[in-house]
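Colleague: sequence unknown, structure follows:
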């Protein structure tokens, strides 16, 4: 059965154009199907892809969790909803635990929990560096996801991670421009450069986090220095 969309019509459940909302709902249903079938590590963290066994990549969080959260908010209730929220929050917590580098206070791009990949540290499983865009996708995923789940005791660990990252990021910003480097933890390395996409991601997360009340107001001023 085909559906006809009236130009300019709005969805009755949100402010999105009806045609766009229908596409969005199909994508969230598809995302939920993927989350049911996606392989996981022992701690419940999703593999980045089936062909990348045991690996968690920071940028992978943006690929699933905001859609998973919207699906849960729209379609689940009771114990099933609570289970989904716990699962979503655990994806962020597990990724943080696997990729955090205490020496730099940053998060590495990825981790191979099996310690088998050629690129990983055989002790930590982490990749070699903190990639700006990976952390950018990660913080954007955090600010997008609680819009559907709310901020409460269950989701607070995500907000804590966001606040921590946004406290640390200014330490790695270029003093002259306020921007961030492609490889965050090697600002003086030859060939490294100020990266506009990662910088835009961090600013987006800071400003939206302030607007939604996830971050203190002074974070907005920090983000604005890179605009």
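Modeller: Right, received. Where do you want to start? Please read all numbers here as calculations on a predicted model, not as lab measurements. Residues are numbered from 1 along each chain as shown.
Colleague: Might you calculate how far the longest helix seen in the chain sits from the centre of the chain?
Modeller: Secondary structure of the chain per DSSP state H: the longest helix is helix 78-99. Between the centre of helix 78-99 and the centre of its chain there are 12 Å (C-alpha atoms, centre = their mean, to the nearest Å).
Colleague: who does the next helix or strand along the chain from it touch, helix- and strand-wise?
Modeller: Counting by DSSP states H and E, the element after helix 78-99 in chain order, helix or strand, is strand 100-101. Applying 3 or more C-beta pairs under 8 Å, 6 or more residues apart in numbering; DSSP states H and E, we find strand 100-101 packed against strand 106-107. In this view, the C-beta of every residue, glycine as well, is placed from N, C-alpha and C.
Colleague: For the strand it packs on, which outside residues touch it?
Modeller: The contact list for strand 106-107 (C-beta atoms under 8 Å, 6 or more residues apart in numbering) reads 58, 95-96, 99-101, 130, 134-135, 138, 165, 168, 172, 184-185.
Colleague: can you rerun that using 6 Å?
Modeller: If you take C-beta atoms under 6 Å, 6 or more residues apart in numbering as the criterion, strand 106-107 is touched by 99-100, 130, 135, 184-185.
Colleague: Contact partners for the nearest residue to residue 146 once chain neighbours are set aside?
Modeller: If you skip the residues right next to it in sequence, residue 146 has residue 155 as its closest partner in space, 5.4 Å away by C-beta to C-beta, 6 or more residues apart in numbering. Counting by C-beta under 6 Å, 6+ apart, residue 155 touches 89, 146, 149.
Colleague: Reformat those residues into JSON lines and put neighbour count next to each item.
Modeller: Output for the contacts of residue 155, formatted as JSON lines (neighbours: other C-beta atoms under 10 Å):
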{"residue": "89", "neighbour count": "20"}
{"residue": "146", "neighbour count": "23"}
{"residue": "149", "neighbour count": "21"}
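Colleague: Would you confirm that residue 65 contacts residue 141?
Modeller: Yes - using C-beta atoms under 6 Å, residue 65 is in contact with residue 141, at 5.4 Å.
Colleague: any shared contact partners between those two?
Modeller: Looking at what touches both residue 65 and residue 141 (by C-beta under 6 Å, 6+ apart), there is no common residue.
Colleague: before we move on, the earlier item: including pLDDT and distance to residue 208, could the contacts of residue 155 go into TSV?
Modeller: Putting those into TSV (pLDDT from 0 to 100; distance: C-beta to C-beta, whole Å) gives the following:
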residue	pLDDT	distance to residue 208
89	98	19
146	97	11
149	97	16
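Colleague: For this structure, which element, helix or strand, carries the lowest mean pLDDT?
Modeller: The helix or strand of the chain with the poorest confidence is helix 18-37; it has a mean of 61 (mean pLDDT, DSSP states H and E).
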